[in-house]
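Visitor: Sequence plus the predicted model coming up.
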Amino acid sequence: MPIKAAVPRLAAGSLPPYGRYDADIIILTTGRLAATLEALASASRQAHVHSYVALLDQGTDAAARARYAEIFAGSTTAGFFVSDTNLGVGGGRNFLSNIGHGDIIVALDNDAVFADPFVVFDALRIFEQTPRLGAMAFRIMDATGQKLDDASWGFPQSLMPHARKKFTTTTFVGAGHAIRRAAWDDAGPYDDSLFFTWEEYDFCLRAIARHWHIEYHGDLAVFHKLAPEARLRWQAGRTRLYVRNRLIIARKWGASWLSLTPRIAGYAVKGALNGACLTALAGATAAIWRDARTPKRKMPASMRRYLTEHEQAHRGKLLGRIGPEIFTRLAKD
């Protein structure tokens, strides 16, 4: 879990420039030197925008840090920061977002690259044309750029045929997205106690409650390499955080434990199908133990309508989502 007292430090390059600029492009790394270098090169090639590129290292070795320091040395438009502890995805992005003051915050995974040199420019243009657009999801392609990265599809499956189009949504995928600075300041930063998984959704819910809209733009893309060690697998311990965090978020917005019982049962069934039933139940238990410290909010009527129209209408009922997986697994057995 993140250590609140840990404060990353500037190791090379510079702090953001004074005065207005277009975008902060932020990248986190805990490994994958070669991929991270490609991500940095992609960020530096973004054209027609005045941007500040920031990299936060949360756990690579000394050799990798020396290489990053060499790349950032003397830069006045980029900064390399190091942290002695892993602040998590939310905590790391909070730090990099808060040191900057660009009009938009663009996040790129360290195993991803922008599909072309104009992604940030195009995103900025869309934000300028859409005053209440708070955050934007990019299309996440595989490393070849030839097909969708199915594992990074964070939206209802019914919307997958619209992957190259635009639609209003309720979240974005961390691998590639942009946030309006004004929406970030209004809704507040990520909940760093979530550490990993669902932190984007948690932020979007707060933004939606503040009357910001979230959109998916399939015309803006990143190419995402397959990095199995970083993917969420139901057999892995990250399942605990996945279940824990989703239940915590539901409780933040007033869902009762009784109403969450079908969801918990669904996670247990999915966990059982993937050899991780006990891990899923451990996540539910962790959410229950934390419940007294989970802040509760009242969901505005406008937010409820937004979620009904742009999320629930596309997802369907719980049995309809779990049922096909059960029958598929039985057919394989």
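Guide: That came through, no problem.

Visitor: Grab the longest helix from this protein for me.
Guide: The longest helix of the chain (DSSP state H) is helix 257-273.

Visitor: what comes up buried for that one?
Guide: By neighbour count on 16 or more other Cβ atoms under 10 Å, the buried set for helix 257-273 is 260, 263, 264, 266, 267, 268, 269, 270, 271, 272, 273. C-beta coordinates here come from the backbone N, C-alpha and C atoms, glycine included.

Visitor: How about exporting it as PDB, limited to the C-alpha atoms?
Guide: Written as PDB, here are the backbone C-alpha positions of helix 257-273 (Å, rounded to 0.1, in the frame of the first residue of the first chain):
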ATOM      1  CA  TRP A 257     -24.200  -4.400   1.400                       C
ATOM      2  CA  LEU A 258     -27.400  -6.200   0.800                       C
ATOM      3  CA  SER A 259     -27.600  -4.700  -2.700                       C
ATOM      4  CA  LEU A 260     -24.000  -5.700  -3.300                       C
ATOM      5  CA  THR A 261     -24.500  -9.300  -2.400                       C
ATOM      6  CA  PRO A 262     -25.200 -10.400  -6.000                       C
ATOM      7  CA  ARG A 263     -22.100  -8.600  -7.200                       C
ATOM      8  CA  ILE A 264     -20.000 -10.400  -4.500                       C
ATOM      9  CA  ALA A 265     -21.500 -13.700  -5.500                       C
ATOM     10  CA  GLY A 266     -20.700 -12.900  -9.100                       C
ATOM     11  CA  TYR A 267     -17.100 -12.200  -8.300                       C
ATOM     12  CA  ALA A 268     -17.000 -15.500  -6.300                       C
ATOM     13  CA  VAL A 269     -18.400 -17.400  -9.300                       C
ATOM     14  CA  LYS A 270     -16.000 -15.800 -11.700                       C
ATOM     15  CA  GLY A 271     -13.100 -16.400  -9.300                       C
ATOM     16  CA  ALA A 272     -14.100 -20.100  -8.900                       C
ATOM     17  CA  LEU A 273     -14.100 -20.500 -12.700                       C
END
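
Visitor: Next SSE downstream of that helix?
Guide: helix 277-290 (DSSP states H and E).

Visitor: what sits up against that next one?
Guide: 234, 237, 239-245, 247-248, 251, 257, 264, 267-268, 270-271 (Cβ atoms under 8 Å, 6 or more residues apart in numbering).

Visitor: how does this structure divide into domains?
Guide: 9-230, 238-332 (automatic domain parsing).

Visitor: and the ones you listed, which one is worst for confidence?
Guide: For the domains of the chain, mean pLDDT drops lowest on domain 238-332, to a mean of 85.

Visitor: what bridges to residue 24?
Guide: residue 52, residue 105 (DSSP bridges).

Visitor: For it, give me its contacts.
Guide: With Cβ under 8 Å, 6+ apart, residue 24 has these contacts: 16, 51, 52, 54, 96, 97, 100, 101, 102, 104, 105, 106.

Visitor: Near residue 298, how many residues? Count them for me, please.
Guide: 9 (other Cβ atoms under 10 Å).

Visitor: Then residue 203?
Guide: 26.

Visitor: Adjust the sequence numbering to begin at 19 for everything that follows.
Guide: That works, and once the first residue is 19, the last one we named lands at residue 221.

Visitor: Which stretches in this protein count as helices?
Guide: According to DSSP H, the helices that the chain contains are 51-62, 80-90, 106-117, 137-147, 199-205, 217-227, 256-270, 275-291, 295-308, 319-325, 331-333, 336-350.

Visitor: can you redo those helices as a markdown table with distance to residue 180?
Guide: Converted to a markdown table, the helices of the chain look like this (distance: least, Cβ to Cβ, whole Å):
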| stretch | distance to residue 180 |
| --- | --- |
| helix 51-62 | 26 |
| helix 80-90 | 38 |
| helix 106-117 | 27 |
| helix 137-147 | 17 |
| helix 199-205 | 24 |
| helix 217-227 | 19 |
| helix 256-270 | 24 |
| helix 275-291 | 25 |
| helix 295-308 | 30 |
| helix 319-325 | 18 |
| helix 331-333 | 10 |
| helix 336-350 | 18 |
